[in-house]
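Chemist: Sharing a model prediction with you, sequence too.
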Amino acid sequence: MNRMNHRSVFLILLTCALACDKRTAEEKGRDLASNKLDMAQGAASALEERAQKLGTSVGHGVGDLVRGVGGGVDDVLHPTVAVELDASARAAGVDVTRASRGDDVAGRGVIVAHLTFASAFAGRLELRAFGADGTELGRGRMDETVDIEASAATDARFGFDAAVRLGTVKSYRLLTLPALRLATHQSLEGVTASQLRLKGNVVSVYLVFERPFQGTIEARALADDASELGRAALGAPLKQAVGSATRIELVFDDGTAMGRVAGIELKKK
C-alpha cells in the first residue's frame, strides 16, 4: 500500500514539473544539448590535464577532442542564420558572407553578421526578422552608424527587442537606411554641426563656431516620426572663440531607445 502511494505521489510530482515547464520544444532541446556539451567539455578538459602528464602524443589527440567539443558548443549556442539582401542593400554594394546568433545582451536577442562593402557606405543598417509564413516578427538595428570605405568589411551586431523570440525566426532581410538627420536649433545660430556619429548611447558631433560661444549644449534624440526619445546634455559648458572647432560627446541614459533614433537636434541649454 505504501509502495503504491509513493508511486502515485512521484507520478503527480513529475506531471506537475512537466506542466510547469513553459519552454518550447526547441528551447528544451537547446538546453539539453548545452548541458550535454558542458559535460563533454568538462570531460575533455580533465583528459587534457591528464594528457599533459602523459606526453604530447596523447595530448594531440585530446586537443582534437577539445576542439571538436568547442565547435559543437558554438554550433548549438550560435547557430548560423539565413540572411537575404533587400534591394537597398544590393544597390549600396553591401553583402553578407555569414551570420549567426550572438550572445544575448540584457535579455535582447542578437544576430552577428559579417558584412562586406563593394562601395563606400555611410548610413545605418537594419535587419528584419520573418517567420515561416512570411510575417515580420521584429527589427534589429546596429547600435552605431556605419562610415566605411570601399572593399572593406566589418562584423555588425543587430539587437532585437526582448519580445522577439529569435528561435521562431525563419529568415532575415538586411536593409540600408538613410544616415541620421542632424539639425541645430536657432539658439545655436553661428554654430555649424557635422560628422554625426552614434555608438551605443553616445552621440558625437563636430562643431565649428563662426562667432564666440559660451554655454551648454543639449541634444534631443528623435524618432522617424519626429517624436522625442530622450535628451542628453554636455557635462560642462563650452567657451569657444570665433573660428574655433571642437568635437563633443553627449551620453543618453539607458532608457533611451537608441535603436529607434532617426535624427539628432542640438540646441543651447
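Modeler: Received it, and whenever you're ready, just let me know what you need. Residues are numbered from 1 along each chain as shown.

Chemist: Ala99 reaches Leu85, doesn't it?
Modeler: No - the pair Ala99 and Leu85 fails to qualify as a contact (C-beta atoms under 8 Å) at a distance of 11.4 Å. For glycine as for every other residue, the C-beta is placed from the backbone atoms N, C-alpha and C.

Chemist: of these two, who's got more company?
Modeler: Ala99 (21 against 16; other C-beta atoms under 10 Å).

Chemist: Past the lowest-mean-pLDDT helix or strand in the chain, which element shows up next along the chain?
Modeler: When the helices and strands of the chain are scored by mean pLDDT, DSSP states H and E, helix 56-77 comes last with a mean of 48. The first helix or strand that comes after helix 56-77 along the chain, using DSSP states H and E, is strand 83-85.

Chemist: Tell me which residues are up against that following strand.
Modeler: Contact with strand 83-85 is made by Val94, Asp95, Val96, Ala99, Ile111, Ala113, Leu127, Ser171, Tyr172, Arg173, Leu174, as judged by C-beta atoms under 8 Å, 6 or more residues apart in numbering.

Chemist: Can you flag the buried ones in those residues?
Modeler: Among the contacts of strand 83-85, the ones that count as buried by 16 or more other C-beta atoms under 10 Å are Val94, Asp95, Val96, Ala99, Ile111, Ala113, Leu127, Tyr172, Arg173, Leu174.

Chemist: hang on, Val81 packs against Gly167?
Modeler: No - when contacts are counted by C-beta under 8 Å, Val81 is not listed as touching Gly167 (10.8 Å).

Chemist: of these two, who's got more company?
Modeler: Counting neighbours by other C-beta under 10 Å for Val81 and for Gly167 shows that Val81 has the greater number, 20 against 14.

Chemist: Which parts of the stretch 51-200 of the chain are helices?
Modeler: 56-77, 87-91 (DSSP state H, counting those that start in this stretch).

Chemist: How many neighbouring residues does the closest residue to Ile111 other than its chain neighbours have?
Modeler: For Ile111, ignoring the flanking residues on the chain, the nearest one in space by C-beta to C-beta, 6 or more residues apart in numbering is Phe158 at 4.7 Å. Residues near Phe158, counting by other C-beta under 10 Å, number 25.

Chemist: Return the distance of Phe158 relative to Val169.
Modeler: Distance of Phe158 to Val169, computed by C-beta to C-beta, to the nearest Å: 12 Å.

Chemist: residue ranges with poor pLDDT in the stretch 101-250 of the chain?
Modeler: 105-106, 143 (pLDDT under 70).

Chemist: Please, where are all the strands along it?
Modeler: When secondary structure is read from DSSP state E, counting those that start in this stretch, the stretch 101-250 of the chain shows strands at 110-117, 121-130, 136-141, 146-148, 152-159, 171-177, 181-184, 191-199, 202-209, 213-215, 217-222, 228-233, 238-240, 245-251.

Chemist: and of these, who's closest to Lys268?
Modeler: Proximity to Lys268 (C-beta to C-beta) singles out strand 213-215 among those, at 5.1 Å.

Chemist: in its sheet, what does the closest one sit against?
Modeler: Strand pairing for strand 213-215, determined by DSSP bridges: strand 238-240 (antiparallel).

Chemist: residues in contact with the partner strand?
Modeler: Under C-beta under 8 Å, 6+ apart, the answer for strand 238-240 is Leu207, Phe209, Pro212, Phe213, Gln214, Gly215, Thr216, Ile217, Thr246, Ile248.

Chemist: Tell me the one among the residues you listed nearest to Leu137.
Modeler: Checking the contacts of strand 238-240 one by one against Leu137 (C-beta to C-beta), the nearest turns out to be Ile248, at 37.7 Å.

Chemist: Next, count neighbours for the closest one.
Modeler: Quick note: Ile248 (other C-beta under 10 Å) scores 15 neighbours.

Chemist: That one bridge partners, please.
Modeler: Assigned bridge partners for Ile248, using DSSP bridges, are Val205.

Chemist: quick one: it from Glu84, how far?
Modeler: Ile248 is 39 Å from Glu84, by C-beta to C-beta.

Chemist: what do you get for Arg108?
Modeler: Arg108 is 23 Å from Glu84, by C-beta to C-beta.
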